[in-house]
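Participant: this is the structure alone, sequence omitted:
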Ligand SMILES: CC[C@H](C(=O)O)C(=O)SCCNC(=O)CCNC(=O)[C@H](O)C(C)(C)COP(=O)(O)OP(=O)(O)OC[C@H]1O[C@@H](n2cnc3c(N)ncnc32)[C@H](O)[C@@H]1OP(=O)(O)O
Ligand SMILES: [Co+2]
């Protein structure tokens with residue numbers, strides 16, 4: 001079912017500082033900040049040869065990552081995103097196996113303009129999993 005690792009997301013307390021660290025200290029290719037109001041985040045993508053890092057910063061009053069940053073004020077790895085060919089088929093298989101799909105269960109359009117879903121971290125060894133259909 002899951003394919004390539006699409007991105008590893010890191011929630012950060014200071015988006016500009018984190019982006020500068022990847023650009024200037026780590027010498028990586030850093031994209032421009034992208035507001036994603038439907039998801040309550042601003043994202044910056046770092047392009048690596050084999051995957052991407054997604055820096056996440058809260059956007060708006062009800063960001064889903066604010067609670068994470070309250071608990072982890074220095075930031076931290078927030079989720080891992082795997083690619084799938086067919087997100088509805090993947091969802092239905094996961095539900096049939098007892099996994100919890102977060103939200104309404106309907107895929108939403110993510111930062112890459114593709115359908116995404118999230119799976120409860122408690123079902124995957126404490127790791128919040130995102131699926132992106134590519
Ligand atoms: C623009 C889209 C972009 C893209 O790639 O395209 C994105 O990736 S957007 C990313 C932001 N969106 C989301 O994260 C949506 C899915 N997340 C959620 O629905 C919530 O954050 C949820 C349910 C994971 C946690 O909700 P909340 O923080 O309100 O609940 P709790 O604090 O009560 O947490 C419950 C339980 O889960 C643990 N937890 C929370 N977040 C994480 C995490 N990122 N990784 C691992 N574990 C997490 C938390 O510690 C609680 O555990 P407990 O043992 O009960 O304390
Ligand atoms: Co993501």
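Facilitator: Yep, it's here. As the structure is a computational prediction, the values presented were derived from the model and not from experiment. Ligands and ions are numbered 1, 2, ... in the order given.

Participant: can you count the residues close to residue 61?
Facilitator: Residue 61 has 7 neighbours, counted by other CB atoms under 10 Å. Bear in mind the C-beta positions are built from the backbone N, C-alpha and C, glycine included.

Participant: buried residues in the longest strand anywhere in the chain, which are they?
Facilitator: Secondary structure assigned by DSSP state E gives strand 76-84 as the longest strand of the chain. By neighbour count with 16 or more other CB atoms under 10 Å, strand 76-84 contains the buried residues 78-84.

Participant: redo these as CSV? Include pLDDT and distance to ligand 2.
Facilitator: Below are the buried residues of strand 76-84 laid out as CSV (pLDDT from 0 to 100; distance: CB to the ion, whole Å):
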residue, pLDDT, distance to ligand 2
78, 98, 8
79, 98, 6
80, 98, 9
81, 98, 5
82, 98, 11
83, 98, 12
84, 98, 14
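
Participant: same for ligand 1: which of these are within range?
Facilitator: With the criterion set as CB under 6 Å from any ligand atom, the members of the buried residues of strand 76-84 near ligand 1 are 78-79, 81.

Participant: tell me which residues in the lengthiest helix in the chain are buried?
Facilitator: The longest helix of the chain (DSSP state H) is helix 87-96. The neighbour-count criterion (16+ other CB under 10 Å) identifies 87, 90-91, 94 as the buried residues of helix 87-96.
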